[in-house]
Each structure stands twice: as C-alpha cells, then as structure tokens.
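# Coordinates for the following, if possible.
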Amino acid sequence: MSAFYKTLRISNNTNSTSVNTGAVVIKGGVGVNKAVHIGTDITAAGSSTTGALITLAATTFTDNLTSASGTLSNWAYSYLGTPTLGAFNSSVTTTAASTLYIQGAPIAGTNETLTNAYALYVASGSSLFGGQIKSTVAPGTAPIVVDSTTVIPNLNASLLNGGSFASPGSIGGSTAGSAAFTTISASGVITSSVSSGTSPLVISSTTNVANLNASSISGNTFASPGAIGTGAPSSGSFTTILASGVVTSIVSTGTAPIVVASTTNVANLNASLLNGATFASPGAIGSTVASSSAFTSVAVKGSSSGTISVLPQAASGTYNFNMPTTAGTSGYGLTSGGGSSAPMIWRPQCFANGFFRFNEALELQTLGSHNCTLSRSSTGVYLVTFTTQPLNVQYVVTFGYQAMGASNQVCMYQNLNQASFEIVYFSGGIATDNTFGISFNCMPYD
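Predicted coordinates for the structure are as follows:
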C-alpha cells in the first residue's frame, strides 16, 4: 500500500506485545525525517521482560557483507548518531545538549512503592564510555554505588574515603596491609599494631635517620644497653658513661683509648701505668711542680748497684724533715731541724777521729781512721796536720804517755778551724823506751 498524507492518524488502540501485534505492524524498515514523539498514559498489564512504551526484542542479526576472516570495526544493535545543533539567530548559547536525555528515574504513582528506581538500568554486560562520566549529584550522596570489591585498574580519584594525600585518613586502621612509598611524612603519630617478633619497619638504607627517637636500640635500652661498637667501632659523645662490667678498648698502642679534657681527679681509677711508667719502674716524681707525698717506704737504687731505703719509724708519730733552701757546702751533712716546720741544717762532718801511738823516735803505730798526719817539729813538740782543712769543727785532743807500765794523761788541747796545731809536751827529749799516744775526736758546731 502506498499513500502520501500530511497526517496519518490511526485510531486503533490495540497494544503491541510483539512484532506481530498492535495497531500498526510494519514488516519493513521505517524511515522518519522528523521528530518522533511516543507515549501517553497507558494502562496495561505490567511485564518484567518488555518495556511499557518501547521494546527492542532480542533478535539475531546476520552480517552478510563482511568477508570471510574479515574484521568489522564496530556494530551496534541500536545506533544513535552524532547530532549537530545549530541556531538560526546569531550568538545562541545552549547550556546543556545531549544525544540522549533521560529526565529521571521512574516516580512511584498511586498505590505504588518503588524499592529501587533507576533512570538507566543495564542488567548485564559491560558498558563502554568513550568520554567522561559526569555526575552532578550534590555532596552527601555517592555518585557511584559499587557492589564489587574488586580493584578498578587506572581509576584515579582525588579523594580516598574523603581523604587526600595532602590530608589523608588512617591507613591500615582496620586491616593492616603492605604498602610502598617513596617518602612518608607525618605530622602526628605513626602507630604499628604488629605483634612483637615481627619488625614494624623494614629499612634497606643504612643512612642515618635524623631526629628518630626510639625507645630501644637492637632490643636494648639506655637502662639496659647492649654492647656498643662490638662490630665496627666508631666515635661517640656521652655526658656520662656508667658501666657495671669491663670497659674494653681495642685501639692499637700509640693512640690514646680515652681522651679526657677535665683535669678533675677520677676517684677509684686504678691504672697499671702512670704516664707510661709503673711503680716497679717509675718516672720522675715531682720533677716539674713539687708537692707533698706520703710513702710507707722509699728505696733509691743506684745507677749500677746498691739500694738506699728510707723506712718508717718503728714507734708511732709523725715528723717533718724539711729540706733546706740551699745545696750546702761540699762535705757537709744534713742535721734535723727538730721535726716541725724548721728546715734541716747543713753541718760539717767529722774529718778526723784518730789515735796515734808513738815514741820519741816517731816510730808510729796508727789505730782508727783519720785524715791527718803527726810529725815532730822539735824535741818535745809535735805537729798534727789535717789533709782536709776542717770547717766549723772542734777537736778535743788528749795527749798522754805510758812509761814502765804506768799511764798518765799529760794534757788536753782543743782545736777550732785550724789546718794544723802543735802539741808541746816539754822542752826536753822523751825517753825512747816510753810510749806516747794522742787521741782526738771531733764534733761539729754552729
């Protein structure tokens, strides 16, 4: 049938339930050059498998054009081309234009409750969008509702659970997992709930972490520290070092194991060497700045042999022996200053303690030790000469003789600071059978 009418009206209101039913059934294609308006209020049986207004039934389309093993770039069951919107008048602006506009989801009418209402419902299959998906839903309503927990590759969101990288929320607060970061910067506390036995942080770098304050180092604390520097020793800075065990240094000889700036005495420090010397082989004591010392005994060894020992007195008591301020005169000896604050005094020593026994012929027999000689100046006059002149020495000389078994003390002389002195017995000669003797002792004086 062919006809051309400006308006075609069909009053048959039979509802279509298939491609073969309805007021109009067209077996061929339909071309429409203008707008198509479909729809009015409909009262009919509801269906879950067809549309209330438009139904595109499930059909099979057979492509009879594409060659064998060929490729068809694109195929669509329903195709909406790209429209062009123009304006007769100039400078017209359209706020929103769309190829397909869906006003909204179904609205519940009289006696109807809608559990879920969707403006667009894709029951199954994937959906592909070549452009942006834009939602204008106001904040407070999720623009996308997803049931699947499977990760969406390449989904790049500006917020994660309302947080951002600039202001993130808690990470791993419920179920902890692994993560990889180039840098972690925190203005608050970083908390790990990993059980003891598993390291909460695994770090490959050996670079020092500035300002990291940990309560334990390798499981140890300052209250109960482990060994420090046992692997590769290095320098350290401490305000105080307290050790209940042995402090060991493996620094080679030639380098001081401890460098101390303070000159304050270290109480109870017991060293085996003092400036490289020991008590068995000590260095000079008081060689720079002299001070007082207390010793139980002092032993001075000579350069080749012999030892001079200074030992404490047997009786109790403390005495001071203060050295004089000068070196004294050669040959003098030190005498006590009294044991208090007075210094010791250099005094001359006895130069001669001797005894001469002789007769008139000066046939000498010498007993004792002395440093003087005896000669006869003339008859009855004898001269005593000192080989070393005494200083500040007083000699008490006794001169006597023994004749026929009888002893007589004839005279006594005293000598003071003289190199020699004469003994005059009598002007006449002395019988040769008589034996004479001279004995003298010295004592120092001030």
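# from here on, contacts and neighbour counts on C-alpha atoms
Fine.
# How many neighbouring residues does residue 226 have?
As a burial measure, residue 226 scores 13 neighbours (other CA atoms under 10 Å).
# which SSE is it in?
Using DSSP states H and E, residue 226 falls within no helix or strand.
# Spit out the contact partners of it.
Contact analysis of residue 226 by CA atoms under 8 Å, 6 or more residues apart in numbering lists 218, 220.
# quick one, phi psi at it?
phi -90, psi -170 (degrees, to the nearest 10).
# Distance-wise, check residue 32 relative to residue 241.
From residue 32 across to residue 241, the span is 98 Å (CA to CA, to the nearest Å).
# go on, residue 71?
Distance from residue 71 to residue 241, counting by CA to CA: 83 Å.
# now do residue 296
Separation of residue 296 from residue 241 (CA to CA) stands at 35 Å.
# do the same with residue 76
Residue 76 sits 84 Å away from residue 241, going by CA to CA.
# do residue 97 as well
Residue 97 sits 80 Å away from residue 241, going by CA to CA.
# Of these two, give the one with the bigger neighbour count.
Neighbour totals were compared for residue 97 and residue 241, and residue 97 leads with 10 against 7 (other CA under 10 Å).
# And for residue 347, the neighbour number?
19.
# Find the helix or strand that it is a member of.
Under the criterion of DSSP H and E, residue 347 resides in strand 345-348.
# What pairs with that strand, parallel or antiparallel?
strand 332-335 (antiparallel) (DSSP bridges).
# how far is the partner strand from where the chain is centred?
Relative to its parent chain, strand 332-335 has a centroid offset of 63 Å by CA atoms, centre = their mean, to the nearest Å.
# any idea of the mean pLDDT for that strand?
Averaged over strand 332-335, pLDDT sits at 78.
# and if you look at stretch 50-69?
The average pLDDT for stretch 50-69 rounds to 86.
# before we move on, what about stretch 31-46?
Throughout stretch 31-46, pLDDT has a mean value of 78.
# same check, this time on stretch 96-114
91.
# which residues does residue 307 contact?
Contacts of residue 307 (CA under 8 Å, 6+ apart): 299, 300, 301.
# just those residues now: which is nearest residue 161?
Residue 161 lies nearest to residue 299 out of these, by CA to CA, at 89.6 Å.
# Need phi/psi at that closest one.
According to degrees, to the nearest 10, residue 299 has phi -120, psi 120.
# isn't it right up against residue 308?
Yes - between residue 299 and residue 308 there is a contact under CA atoms under 8 Å: 5.4 Å.
# pLDDT value on the residue nearest the centre of the chain, please?
When CA atoms, centre = their mean is applied to the chain, the residue found nearest the centroid is residue 236 (5.3 Å). In this model, residue 236 is scored at 73, pLDDT.
# Now do the contacts for it.
Residue 236 neighbours (CA under 8 Å, 6+ apart): none.
# Now do residue 91, the pLDDT please.
For residue 91, the pLDDT comes out at 95.
# What degree of burial does it show, as a neighbour count?
Neighbour tally, residue 91, other CA under 10 Å: 7.
# what helix or strand is it on?
Judged by DSSP H and E, residue 91 forms part of no helix or strand.
# Begin at 21 from now on, thanks
Sure, I'll start counting at 21 from here, so that last one is residue 111.
# now it: how far from residue 103?
Residue 111 is 19 Å from residue 103, by CA to CA.
# same check, this time on residue 169
38 Å.
# more crowded one of those two?
Neighbours were counted for residue 169 and for residue 103 using other CA under 10 Å; residue 103 has more, 9 against 6.
# Which residues are in contact with the more buried one?
Per CA under 8 Å, 6+ apart, neighbours of residue 103: residue 119.
# so what's it scoring on pLDDT?
As predicted, residue 103 sits at a pLDDT of 90.
# Roughly how far does it sit from residue 116?
Residue 103 is 14 Å from residue 116, by CA to CA.
# One more: residue 84?
From residue 84 to residue 116 the distance is 40 Å (CA to CA).
# Do you have the strands of the chain handy? List them.
For the chain, applying DSSP state E gives strands covering 318-321, 327-330, 352-355, 365-368, 373-378, 385-389, 392-398, 401-406, 413-423, 426-436, 440-444, 455-464.
# So the nearest residue to residue 271 once chain neighbours are set aside versus residue 347, what's the distance?
Nearest non-adjacent residue to residue 271, counting by CA to CA, 6 or more residues apart in numbering: residue 277, 5.9 Å away. The gap separating residue 277 from residue 347 is 43 Å, by CA to CA.
# Comparing the two, which residue is more hemmed in?
Neighbour count, other CA under 10 Å: between residue 277 and residue 347, residue 277 has more, with 12 against 9.
# How about the contacts made by the more buried one?
269, 270, 271.
# neighbouring contacts of stretch 39-53?
Contacts for stretch 39-53 (CA under 8 Å, 6+ apart): 30, 32, 33, 34, 35, 36.
# just stretch 156-173 next, same as before
By CA under 8 Å, 6+ apart, stretch 156-173 touches residue 155.
# could you give the mean pLDDT of that stretch?
The average of the pLDDT scores along stretch 156-173 is 90.
# how long is it from one end to the other?
Stretch 156-173: ends 24 Å apart by CA to CA.
# Helices along this structure, start to end?
Here the chain has no helices by DSSP state H.
# Report the residue spans of the protein with pLDDT below the cut-off.
Scanning the chain for pLDDT under 70 picks out the ranges 21-26, 191-193, 196-197, 248-250, 253, 322-323, 325, 330-337, 351, 368-466.
# Residue 33: neighbour count?
9.
# Name the nearest residue to it, sequence neighbours excluded.
Residue 33 sits nearest to residue 43 (CA to CA, 6+ apart), 6.1 Å away.
# Check residue 128 too.
Nearest to residue 128 is residue 134, by CA to CA, 6+ apart, at 5.9 Å.
# so the one you found touches residue 125, yeah?
No - Residue 134 is beyond contact range of residue 125, at 10.3 Å (criterion: CA under 8 Å).
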